[in-house]
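[1] fold the following.
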Amino acid sequence: MVKLEEHKHLSGDKSIEGLPVPARVYLPMVQHLGKACVPEVKVGDEVGLGQRIASVQAHITSPIHASVAGKVAAIQEWPHPVLGRAKAIVIEAQEGRPSSGQFSQRAPAQVEALSSEEIRKIINQAGIVGMGGAGFPSHVKLTPAKPIDTLIVNGAECEPYLTGDYRLMLEKTSEIILAIEVVRRCLGAKQVVVAIEENKPEAVKLMKTQDAGRKTQANYKVQVLKSAYPQGGEKQLIKNTLGKEVPRGKLPFDVGVVVHNIATLFAIYEAVYLGKPLYERVVTVTGNCLKSPKNLLVPIGTPIKELIAFCGPLTARPAKIIMGGPMMGIAQYTDSVPVIKTSGGLILWDKQAAKTCDEEACIRCGACVRDCPAGLMPCLINAASVKEFWPLAKEYGALDCIECGVCSYVCPAGRRLVKSIKRAKLEAAK
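    The predicted model follows:
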């Protein structure tokens, strides 16, 4: 792991603000790992806030809900922040954001009476996926193939610039504690570990001082970790909190662990207690091009130009716009791309911040091997990828790469290691 310049001061002290309802939202049919959704509405249909508008019959998938009340204006190809382009449902807003009171809320006693199967069904119907970036459907993650002993709450938020999870821990502490107990009970876990980096002392204090003992029947503890990247990776988090190593090719449940991040837990709270589907999320809008970086509660499907305008004026023309964090995020080619369920950040950099060095020949220094959190040899995977020796790249462990970006960051030769490994993963998986 490596120590990075954090830049969290730009937005860390900014309370979460609601973004005004946009005139139109663009809801892609792919916002999760698994099978793409199919529209359940047609052009001209009136839709309500939180109404399900797309789904598909499959185990690994997640339905999509309207993030504004209005009329379906189109179903068309539209820019996508990860895939480039994808089919999207376009909704033209016709009224302001109604309160969450329109959904069927549950009293604490009703929640406590829910079975594990009922909890998973609620989470599935609410369209909740891993909101830390992976987008894995949460109801599937809560159906592990093996017994679970420990639930790890991922409050690390190790990516530079991003502060949305931090603000949720400060502003929605009791709700997150309630969600932790819902998930713990669903899994049957006996232990809860809330993992938070040391650069978030206020969050540590709040998560420790909340009456967690009353709200959970498990062994509950907050574990403070050093601020390093990628501390928030599932396997790294498990190793650094429990001392357990997830074997290559295995998943956390193979060692009796499930990891959920803060934003996902808050969405689970809203679904279980408030009956609210996942149609909005917190996005950190930041970077050295903005006069007023903010943490915004954004309707999913909102074009990022709306977020930029709300946080303006610009202090410089952006040379690069990144969706996500600077290490694992994806540079965008247009400001028309919409926020999706996995969009935790939006970063605007000027020419100086976005400057990249020229790629040179590998000097065999071993820096990428030394710092790879997955224990791989990125230089060798890169060499195989350049020569298009895909079986060899797979043998070197390309499929085990977590795409954290550390190898490219530490490479003195400026090698595009992550880019080549991503290609190797795609080819080796065929």
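[2] who touches the lengthiest helix in the chain?
    The residue-count maximum for a helix in the chain (DSSP state H) belongs to helix 173-187. With contact meaning Cβ atoms under 8 Å, 6 or more residues apart in numbering, helix 173-187 is reached by 111, 114, 116, 119-120, 142, 144, 148, 151, 153, 168-169, 192, 194, 206-207, 210-212, 215-218, 220, 258, 260, 262, 265-266, 268-270, 272-273. Bear in mind the C-beta positions are built from the backbone N, C-alpha and C, glycine included.
[3] those residues in strands, which ones?
    Members of those lying in strands (criterion: DSSP state E): 151, 153, 192, 194, 220, 258, 260.
[4] and the fourth one, how many neighbours does it have?
    By the other Cβ atoms under 10 Å criterion, the neighbourhood of residue 194 contains 26 residues.
[5] got the buried residues for stretch 169-182?
    Of all the residues in stretch 169-182, those buried under the rule 16 or more other Cβ atoms under 10 Å are 169, 170, 172, 173, 175, 176, 177, 178, 179, 180, 181, 182.
[6] distance of the last one from residue 103?
    Translated: residue 182. Counting by Cβ to Cβ, to the nearest Å, the gap from residue 182 to residue 103 is 17 Å.
[7] same thing with the fifth one?
    As defined by Cβ to Cβ, residue 175 lies at a distance of 15 Å from residue 103.
[8] quick one on the thing from earlier: are any of the contacts of helix 173-187 buried, and if so which?
    Buried among the contacts of helix 173-187 by 16+ other Cβ under 10 Å: 111, 114, 119-120, 142, 144, 148, 151, 153, 168-169, 192, 194, 206-207, 210, 212, 215-216, 218, 220, 258, 260, 262, 265-266, 268-270, 272-273.
[9] which pLDDT does the model give residue 348?
    As predicted, residue 348 sits at a pLDDT of 97.
[10] same deal with residue 214?
    51.
[11] next one: the one 5 residues further on
    In this prediction, residue 219 carries a pLDDT score of 86.
[12] rewinding a little: from the ones in strands among the contacts of helix 173-187, which has minimum pLDDT?
    When the ones in strands among the contacts of helix 173-187 are compared by pLDDT, residue 220 scores lowest at 89.
[13] report the beta-bridge partners for that residue.
    Judged by DSSP bridges, the bridge partners of residue 220 are residue 192.
[14] tell me which residues are up against stretch 3-21.
    By Cβ under 8 Å, 6+ apart, stretch 3-21 touches 68, 93, 96-97, 160-164, 166-168, 171, 199, 227-229, 282, 284-287, 293-299, 302, 306-307, 310, 327, 409.
[15] which among those residues end up buried?
    For the contacts of stretch 3-21, a neighbour count by 16+ other Cβ under 10 Å gives the buried set as 68, 93, 97, 160-164, 166-168, 199, 227-229, 282, 284-287, 293-296, 298-299, 302, 306-307, 310, 327, 409.
[16] give me the subset of those residues lying in helices.
    Counted as lying in helices by DSSP H, out of these, are 164, 166, 167, 168, 306, 307, 310, 409.
[17] one step back: tell me the one of the ones in strands among the contacts of helix 173-187 nearest residue 376?
    For the ones in strands among the contacts of helix 173-187, the closest approach to residue 376 (Cβ to Cβ) belongs to residue 258, at 24.4 Å.
[18] so how far is residue 130 from that closest one?
    11 Å.
[19] find residues that contact each of the two.
    Counting by Cβ under 8 Å, 6+ apart, the shared contacts of residue 258 and residue 130 are residue 141.
[20] any chance of the ones in helices among the buried ones among the contacts of stretch 3-21 in CSV, plus distance to residue 372?
    Shown next, in CSV, are these (distance: Cβ to Cβ, whole Å):
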residue, distance to residue 372
164, 27
166, 27
167, 31
168, 30
306, 38
307, 33
310, 38
409, 11
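[21] which member of the residues you listed is positioned nearest residue 427?
    residue 409 (23.9 Å).
[22] which residue sits closest to the closest one, ignoring its sequence neighbours?
    Once flanking residues are discounted, residue 409 sits nearest to residue 2: 6.6 Å by Cβ to Cβ, 6 or more residues apart in numbering.
[23] alright, calling it a day.
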